[in-house]
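Student: Quick one, what's the 3D model for this:
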Amino acid sequence: MKKPNDILTLKMAGIFSIIYFALILALLPIYFDVNIYTAMIRAKGVCYLFIAAVMGIMLLITFVTSVVRKEPPIRYTDQRRSPMDIAMLAFGIAVIISFLFSENKKVAYFGTGGFHVGTLSIVTLIVFYFFVSRNLCGSERHWDLIIVLNTFIFLWVVLDSVSTDFFGVRTKLGNQKLQYFGSLGQMDSVSAYLCMILPIVIVFFLNQKKMQFWTVACVLFGLTAFTGIQTDGVYIGVAVCAIFLIPYALKDTLRLQRLLWLGLIWGVAITYYSVFSVVAPDRIGADSGVSGTLIHYWIGVVMIVFCGLLLIWIEKKRVLPSHKVISILSKVASIGLIVVIAVFLLHGTVNLIQGDIGWGNGRGGIWLGAIHLFEAYNPLQKLFGLGMTAASTDLSYFANELLQWNNVIVANAHNDFLEYLISTGIVGLVTYTATWVVPIVEYVKSKKNGKEWSVAKMAYFMALMAYMGQSIVGNPYSLSVPIVYLIFALYRNEDFCESL
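Tutor: This is a model prediction of the structure:
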């Protein structure tokens, strides 16, 4: 019997999966258009459709070769019905049904009513999820070049955050400052990107026996970019991720030391921005939200000194806190983060109840407008929505009326779950939510059974949790959605790799 590496079709499938991996993580982030809000978003959407066309051709070649040579088109044929696969398939079907019932099929198909993520994008991404998850093994080793690339992307973001615009892509939205960063687009898009890529790099960093230059550089610029982005969404995402990341880091001596290094590096990033805000206050705008609270030089200095002294103590004494102490610290940190996130959500809910709908750059009013819009749907629309991004015109009407804006286009609900509710209805929301519930349930089961995940699977899980957290106040952008579906595929792929 031939081994998978000796079968031509499977070789091709593996190579094509790597090409798709590279296109999504290398080409999509750096491709950009002129510094106009809609042009930047459209450019990412067009770039993804180009990648989808290339991947479509590669899929066709794979399956034709499979038929001609009578060889399997996928490497892993595990017959288990994964809840993740079922949820993905169900959501894809819900999106297609919402398109079929949509009264504006062109908008629903291409996603031009919102951020260029339409039925075509979602369906192809789910197809690619099934192909890549079964044909790409050892994905961790393919991250070396991506880490190098992101070192420069994050540096670009950092430079733009202090108004150093080498390529002329930075612009403003109305009276808001610092809205564009590098090739990643508007700050909410950058937030989503950081929440997906940075946790992966951090998990690899935590587990490297010897610190590698590019990984350290990527972590440094990534944490600095994260600190300088003026959106609380990135902090929500990182807080959700940290609920799982801190206990994971505290379980191992090496990871604990690296966690302290992360704290030290973050302290450097905070100090950098706090000094810059004094030296050149007109070039940095971290003056509100979490960024405005966090960026003070004394916070950065305290973090540097505290983490540095602990590292020196551990290195000299070669003694770590007892398992009991570490367990208590882990639980306290996780519970503390959960409380912080709960307080944030409760604060927003109370504001809505009290009639303050302008908080979060109008998110309160936009969310309330999305709820009012859904209430106005007929029974069929409540089940399947209006189609991807096809609700933007109606959403704009409700949001403008509530917030007393003057014909402002509200292209998205500014919450992924609400957006899929008004776009794909209750069926779409339930199946979409299921794709996020599955990894959490699998994580809880693994902890209960005492099973340690691979480094790569843990990295992808952390990225998914961070993205899910920021999506509470974020949007499904044409940059972030293709990447998060690839991460879903890589996460699922680890199940097959572990079974070998």
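Student: correct me, but residue 482 touches residue 28?
Tutor: Yes - between residue 482 and residue 28 there is a contact under Cβ atoms under 8 Å: 6.2 Å. Placement of C-beta: from N, CA and C, glycine included.
Student: So which of these two has more stuff around it?
Tutor: residue 482 (26 against 23; other Cβ atoms under 10 Å).
Student: circling back: so what sits against both of residue 482 and residue 28?
Tutor: Counting by Cβ atoms under 8 Å, 6 or more residues apart in numbering, the contacts common to residue 482 and residue 28 are 48, 51.
Student: Now do the helices in the stretch 301-450 of the chain.
Tutor: Secondary structure of the stretch 301-450 of the chain (DSSP state H, counting those that start in this stretch): helices located at 323-353, 359-375, 379-384, 392-403, 416-449.
Student: To residue 100, which of those helices lies closest?
Tutor: Between residue 100 and these, the shortest separation by Cβ to Cβ is 8.3 Å, and it involves helix 379-384.
Student: so residue 472 touches residue 413, yeah?
Tutor: No - assessed by Cβ under 8 Å, residue 472 is found out of contact with residue 413, at 11.1 Å.
Student: which of the two has more neighbours?
Tutor: Neighbours of residue 472 and residue 413, each counted by other Cβ under 10 Å, are more numerous for residue 413; the result is 28 against 20.
Student: Can you give me every residue that contacts that one?
Tutor: Taking Cβ under 8 Å, 6+ apart, one finds 366-367, 370, 395, 419, 421-422, 475 in contact with residue 413.
Student: from those, which single one is nearest residue 11?
Tutor: When these are compared for distance to residue 11, the smallest value, 38.8 Å, is given by residue 475; criterion: Cβ to Cβ.
Student: Spit out the contact partners of the closest residue to that closest one other than its chain neighbours.
Tutor: If you skip the residues right next to it in sequence, residue 475 has residue 412 as its closest partner in space, 4.5 Å away by Cβ to Cβ, 6 or more residues apart in numbering. Under the criterion of Cβ under 8 Å, 6+ apart, the neighbours of residue 412 are 114-115, 389, 392, 395, 419, 475-476.
Student: of all those, which comes closest to residue 268?
Tutor: Closest to residue 268 out of the contacts of residue 412 is residue 475 (30.8 Å), distances taken as Cβ to Cβ.
Student: Need phi/psi at the closest one.
Tutor: phi -130, psi 150 (degrees, to the nearest 10).
Student: these two touch, right, it and residue 420?
Tutor: No - counting by Cβ under 8 Å, residue 475 does not reach residue 420; the two are 11.4 Å apart.
Student: Count the neighbours of residue 230 for me.
Tutor: When neighbours are counted by other Cβ under 10 Å, residue 230 registers 23.
Student: what about it, which SS state?
Tutor: coil (DSSP: H, G, I helix; E, B strand; the rest coil).
Student: Can you give me the separation between it and residue 363?
Tutor: Note on residue 230: its distance to residue 363, by Cβ to Cβ, to the nearest Å, is 15 Å.
Student: next one: residue 240
Tutor: As judged by Cβ to Cβ, residue 240 and residue 363 stand 18 Å apart.
Student: Can you read off the backbone torsions of the closest residue to residue 419 other than its chain neighbours?
Tutor: Ranked by Cβ to Cβ, 6+ apart and with sequence neighbours excluded, the top spatial neighbour of residue 419 is residue 413, at 4.1 Å. As for residue 413, its main-chain torsions (degrees, to the nearest 10) stand at phi -70, psi 0.
Student: Residue 186 too?
Tutor: On the backbone of residue 186 - angles per degrees, to the nearest 10 - the values are phi -70, psi 160.
Student: ok, it - how many residues close by?
Tutor: Neighbours of residue 186 using other Cβ under 10 Å come to 21.
Student: Just to check, it is in contact with residue 44?
Tutor: No - counting by Cβ under 8 Å, residue 186 sits too far from residue 44 to count as a contact (10.7 Å).
Student: Which pLDDT value does the model give residue 33?
Tutor: Predicted confidence (pLDDT) for residue 33: 76.
Student: how would you label it: helix, strand or coil?
Tutor: In terms of secondary structure, residue 33 is coil; the call rests on three-state DSSP.
Student: who's in contact with it?
Tutor: Applying Cβ under 8 Å, 6+ apart, we find residue 33 in contact with 39-40, 42-43.
Student: at 10 Å instead, please
Tutor: Taking Cβ atoms under 10 Å, 6 or more residues apart in numbering as the criterion, residue 33 is in contact with 39-44, 46-47, 169, 183, 185.
Student: Next step: those residues restricted to helices.
Tutor: Per DSSP state H, helices hold the following members of the contacts of residue 33: 39-44, 46-47.
Student: Select only the buried ones of these in PyMOL?
Tutor: Of these, the buried ones go into a single PyMOL selection, burial set by 16 or more other Cβ atoms under 10 Å:
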select buried, resi 40+41+42+43+44+47
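Student: Let me know the closest of the ones in helices among the contacts of residue 33 to residue 254.
Tutor: The shortest separation between residue 254 and any of the ones in helices among the contacts of residue 33 is 37.3 Å, and it belongs to residue 44 (by Cβ to Cβ).
Student: Nearest residue to the closest one in space, please, no chain neighbours.
Tutor: Excluding the flanking residues, the one nearest residue 44 by Cβ to Cβ, 6+ apart is residue 478, at 3.9 Å.
Student: how close does that neighbour sit to residue 490?
Tutor: Between residue 478 and residue 490 the distance, using Cβ to Cβ, works out to 20 Å.
Student: Give me the buried positions along stretch 101-111.
Tutor: 101-102, 104, 107-111.
Student: so which of these comes closest to residue 331?
Tutor: Minimum distance to residue 331 across these is 42.5 Å, recorded for residue 111 (Cβ to Cβ).
Student: Roughly how far does that closest one sit from residue 91?
Tutor: In this view, residue 111 and residue 91 are 15 Å apart by Cβ to Cβ.
Student: for residue 215, same thing?
Tutor: When Cβ to Cβ is the yardstick, residue 215 and residue 91 sit 34 Å from each other.
Student: More neighbours: these two, which one.
Tutor: Set side by side, residue 215 and residue 91 give different neighbour counts by other Cβ under 10 Å, the larger being at residue 91 (24 against 20).
Student: Who are the contact partners of that one?
Tutor: Taking Cβ under 10 Å, 6+ apart as the definition of contact, the neighbours of residue 91 are 122-123, 126, 420, 424, 427-435.
Student: follow-up on the earlier one: the contacts of residue 33: which two are farthest apart?
Tutor: 46 and 169 (16.2 Å).
Student: ok, and the helix or strand in this protein with the lowest average confidence?
Tutor: Lowest mean confidence among the helices and strands of the chain (mean pLDDT, DSSP states H and E): strand 180-181, at a mean of 63.
Student: now the stretch 101-250 of the chain, which segments are flagged as low pLDDT?
Tutor: Screening the stretch 101-250 of the chain residue by residue with the criterion pLDDT under 70, one finds the ranges 165-181.
Student: can you do 90?
Tutor: In the predicted model, the stretch 101-250 of the chain carries pLDDT under 90 at residues 112-115, 136-145, 156-190, 209, 225-236, 238-239, 243, 246-247, 249-250.
Student: And the stretch 301-450 of the chain, by the same measure?
Tutor: Within the stretch 301-450 of the chain, the ranges that satisfy pLDDT under 90 run 302, 306-307, 309-365, 368, 393, 396-411, 447, 450.
Student: let's go with 70 and repeat that
Tutor: 317-327, 329-330, 333-334, 337, 340-341, 344-345, 347-356, 358-360.
Student: Looking at the contacts of residue 91, state which has the most neighbours.
Tutor: Top of the contacts of residue 91 by neighbour number is residue 424, holding 31 neighbours under the definition other Cβ under 10 Å.
Student: Appreciated, that's everything.
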